[in-house]
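Visitor: Fold the following for me, if possible:
(2 chains)
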2 protein chains.
Amino acid sequence: MHAAEIAEPYPIVLATTSALEAARLLAHEQRPGLVVIGADGSPVAVLPGSQVVRFLVPDYVQDDPALARVLGELPTEQIVQRLAQLSVAALLPSPAPELPVLRPDDSVVELAAVMARLRSPLAVVMDGRTIVGVVTAARLLRVVLGDAS
Amino acid sequence: MHAAEIAEPYPIVLATTSALEAARLLAHEQRPGLVVIGADGSPVAVLPGSQVVRFLVPDYVQDDPALARVLGELPTEQIVQRLAQLSVAALLPSPAPELPVLRPDDSVVELAAVMARLRSPLAVVMDGRTIVGVVTAARLLRVVLGDAS
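Guide: Numbers count the residues shown, from 1 in each chain, chains lettered A, B, ... in the order given. I've put the predicted structure just below:
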């Protein structure tokens, strides 16, 4: 079986997409992360959910649990406004987690080896400059274990 | 809103659970990772999906894409046998990713701050020695964005 047969449709965002839209996608699609592409359509990075969560709290609170304890509830309106003003690019950690990119005819072994090496929750399958789909770790395990699972 | 109200039921495995069972859970539940607990019921770590994928390919292939290319298809039976002989503890990277543990009355801010700091796709909410549930990044985003999403 090849990467093209395993890849599934997946939510993809532009680096210029608003952070609010990305947060909503993550919230509703229940995915481990989003695939981020550049203006030319080429994959740039994985945006993990934990990285978006990071922007729910002010910088000065992130490293100080004591401050988080006294801050009380998060003002939703302020968060929505902040996320609406940021782009996905601004949410990416630096350096951004490398996104495994594979070819349609790559094997399951190649998919597994690259995802494992980059510790990525997902890989993108590209046919030239076109995204064929995405393979998550869960999907790959389902394919490999097959009837045995 | 407090951690106890946000936490959801979540698949949990013992460190002594077979790696095959953990792989099947990840495959079918479509989760970013599993919560691993010790014999005394206390949370030990997060087992990310990518870490299980790692065990689908022999060690010597993981760092060499050229080898992955020539290896051909994965023999499912061998993989199932290998995973059945390993424990979840053997799949954990060393050091294992730290699992954020929160209390039932912790706030959304505390949840977000800890998940962001540990870059964890999920957090466990414990009431003393009892697991109340798990909060994923997606769940937290849904709670915070609320009606705004």
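Visitor: Any figure for the gap between A:Leu25 and A:Leu34?
Guide: Counting by C-beta to C-beta, to the nearest Å, the separation of A:Leu25 from A:Leu34 is 6 Å. For glycine as for every other residue, the C-beta is placed from the backbone atoms N, C-alpha and C.
Visitor: so what sits against both of these two?
Guide: Taking C-beta atoms under 8 Å, 6 or more residues apart in numbering or on different chains as the contact rule, A:Leu25 and A:Leu34 both touch A:Pro11, A:Val13.
Visitor: quick one: which of those two has more around it?
Guide: A:Leu34 (28 against 21; other C-beta atoms under 10 Å in any protein chain shown).
Visitor: Can you classify that one as helix, strand or coil?
Guide: What DSSP: H, G, I helix; E, B strand; the rest coil gives for A:Leu34 is strand.
Visitor: so what's it up against?
Guide: Neighbours of A:Leu34 in contact, by C-beta under 8 Å, 6+ apart: A:Pro11, A:Ile12, A:Val13, A:Ala22, A:Leu25, A:Leu26, A:Val46, A:Leu47, A:Val88.
Visitor: Which positions within the host helix or strand of A:Ala66 qualify as buried?
Guide: Per DSSP states H and E: A:Ala66 is located in helix A:65-71. Neighbour-count burial for helix A:65-71 flags A:Leu67, A:Ala68, A:Leu71 (criterion: 16 or more other C-beta atoms under 10 Å in any protein chain shown).
Visitor: What's the first helix or strand after that helix?
Guide: Later in the chain than helix A:65-71, the nearest helix or strand by DSSP H and E is helix A:76-85.
Visitor: Give me the contact list for the helix or strand following that following helix.
Guide: Where DSSP H and E defines the elements, the next helix or strand beyond helix A:76-85 is helix A:88-91. Helix A:88-91 is contacted from outside by A:13-19, A:22, A:34, A:36, A:47, A:51-52, A:54-55, using C-beta under 8 Å, 6+ apart.
Visitor: List the buried residues for the helix or strand harbouring A:Leu111?
Guide: In this structure, A:Leu111 sits in helix A:108-118 according to DSSP H and E. The neighbour-count criterion (16+ other C-beta under 10 Å) identifies A:Val108, A:Val109, A:Glu110, A:Leu111, A:Ala112, A:Ala113, A:Val114, A:Met115, A:Ala116, A:Arg117 as the buried residues of helix A:108-118.
Visitor: One more: stretch A:84-97?
Guide: A:Leu86, A:Ser87, A:Val88, A:Ala89, A:Leu91, A:Leu92, A:Ala96, A:Pro97.
Visitor: could you say what helices and strands the helix or strand of chain A with the lowest mean pLDDT packs with?
Guide: In chain A, the helix or strand scored least confidently by mean pLDDT, DSSP states H and E is helix A:59-62, which has a mean of 74. Here helix A:59-62 touches helix A:65-71, helix B:108-118, going by 3 or more C-beta pairs under 8 Å, 6 or more residues apart in numbering or on different chains; DSSP states H and E.
Visitor: Identify each buried residue in that helix, please.
Guide: A:Val61, A:Gln62.
Visitor: That helix: how far from the chain's middle?
Guide: In this view, helix A:59-62 has its centroid 23 Å away from the chain centroid, taken as C-alpha atoms, centre = their mean, to the nearest Å.
Visitor: In PDB, list the C-alpha atoms belonging to that helix.
Guide: C-alpha atoms of helix A:59-62 as PDB (Å, rounded to 0.1, in the frame of the first residue of the first chain):
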ATOM      1  CA  ASP A  59       3.000  35.600  28.000                       C
ATOM      2  CA  TYR A  60       3.800  36.600  31.600                       C
ATOM      3  CA  VAL A  61       1.500  33.900  32.900                       C
ATOM      4  CA  GLN A  62       2.800  31.000  30.900                       C
END
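Visitor: okay but A:Leu56 is in contact with A:Thr76, surely?
Guide: No: counting by C-beta atoms under 8 Å, no contact exists between A:Leu56 and A:Thr76, whose distance comes to 9.8 Å.
Visitor: Is A:Ala45 part of a helix or strand, or is it coil?
Guide: Here A:Ala45 is strand, with the state taken from three-state DSSP.
Visitor: who wins for proximity to B:Glu5 among the helices and strands packed on helix A:59-62?
Guide: B:Glu5 lies closest, by C-beta to C-beta, to one member of these: helix B:108-118, at 9.7 Å.
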